[in-house]
Every structure is written in C-alpha cells, then in structure tokens.
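1. with the sequence up front, the predicted model follows.
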Amino acid sequence: QAQLVESGGGLVQAGGSLRLSCAASGRTFSMYGMGWFRQAPGKEREFVAAISWNAITYYADSVKGRFTISRDNAKNTVYLQMNSLKPEDAAVYYCAADRSPYYSGTYYGRKFDYWGQGTQVTVSS
C-alpha cells in the first residue's frame, strides 16, 4: 500500500509559478504510474496530469503547455511544475498512485487507488 505526502502549495500571484512535490513510500515507486488531481470549492475533483511508470505524460487540456509533471525514482517523488498560474487553477491539489505495476495503457480516465491528503494552491488576481 502506498503512502503519499504532498508539499509545495501556497499563495502565488496570477502569472506566477509553484512546484508541488509528492513523496511516496510503502512500495517500489518506480513500478507505478502517478497522477495529480485538483478540487476547487463546490466542484468535483478533476484530473490534472499523470505520468506512467516509464515517464509517459498526460495532461488535462486546461493545463497543457503550462504544467509539467515529472518523477524522480531515486527520490520516490513526483513533481508538478505549475507556470503561468491563473485564478482558476486555485484548488486543493492531490497526488495519486496507481494500483497496478507497469500499467501501459492511457491514464486519461484511469482510476487511481491511493491518495495524499492534498495541498492548497491559491492564486491571487
């Protein structure tokens, strides 16, 4: 079972940048895909980005070209670099981990099984 701990959230002005980190433990990190989701007040949780075990990346259209997901297997950590932030990016951001090792299908619509506690991102206009 995976344990996930996010960090790096905070307050940033529109147009600014933040980098979120998610430290994973409890299993062999390099074998599993990872994802980032977000939930704004009054809205459903939505997919932001994912990265497969072999570093194939997936992005929601709303963040494509502004956000970058990456992973460092030596540090058991997945990152979300967020640039050109907009007020509509404000949300609680959650890290998620796939259950299946070496999954090679698409991560669009993929269900994740392990979740972090979330980190707040606030974007001022």
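-> Nice, I can see it. Numbering: from 1, shown residues only.
2. make it CA atoms for all contacts and neighbour counts henceforth
-> Will do.
3. taking the centroid of this structure, which residue is nearest it?
-> Nearest to the geometric centre of the chain sits Trp36, at 2.1 Å (C-alpha atoms, centre = their mean).
4. does anything pack onto the longest strand along the chain? Which helices or strands?
-> For the chain, the longest strand by residue count, based on DSSP state E, is strand 91-101. Secondary-structure packing of strand 91-101 (3 or more C-alpha pairs under 8 Å, 6 or more residues apart in numbering; DSSP states H and E): strand 3-7, strand 32-39, strand 114-115, strand 119-124.
5. tell me the buried residues in that strand?
-> 91-99 (16 or more other C-alpha atoms under 10 Å).
6. which helix or strand contains the residue nearest to Val63 when sequence neighbours are not counted?
-> Distance criterion C-alpha to C-alpha, 6 or more residues apart in numbering; nearest residue to Val63, sequence neighbours excluded, is Val48 at 7.0 Å. Using DSSP states H and E, Val48 sits in strand 46-51.
7. adjacent strands (with direction) for that strand?
-> Using DSSP bridges, the strands paired with strand 46-51 in its sheet are strand 32-39 (antiparallel), strand 57-59 (antiparallel).
8. so which residues make contact with the first one?
-> Strand 32-39 is contacted from outside by 45-53, 78, 80, 91-103, 112, using C-alpha atoms under 8 Å, 6 or more residues apart in numbering.
9. repeat that with 7 Å
-> Here strand 32-39 makes contact (C-alpha atoms under 7 Å, 6 or more residues apart in numbering) with 45-53, 91-98, 100-102.
10. kindly report the same for stretch 14-29.
-> By C-alpha under 7 Å, 6+ apart, stretch 14-29 touches 1-9, 73, 76-87, 95, 123-125.
11. and it, how far from the chain's centre?
-> 7 Å (C-alpha atoms, centre = their mean, to the nearest Å).
12. tell me the buried residues in that stretch?
-> For stretch 14-29, the neighbour count (16+ other C-alpha under 10 Å) marks 14, 17-24, 29 as buried.
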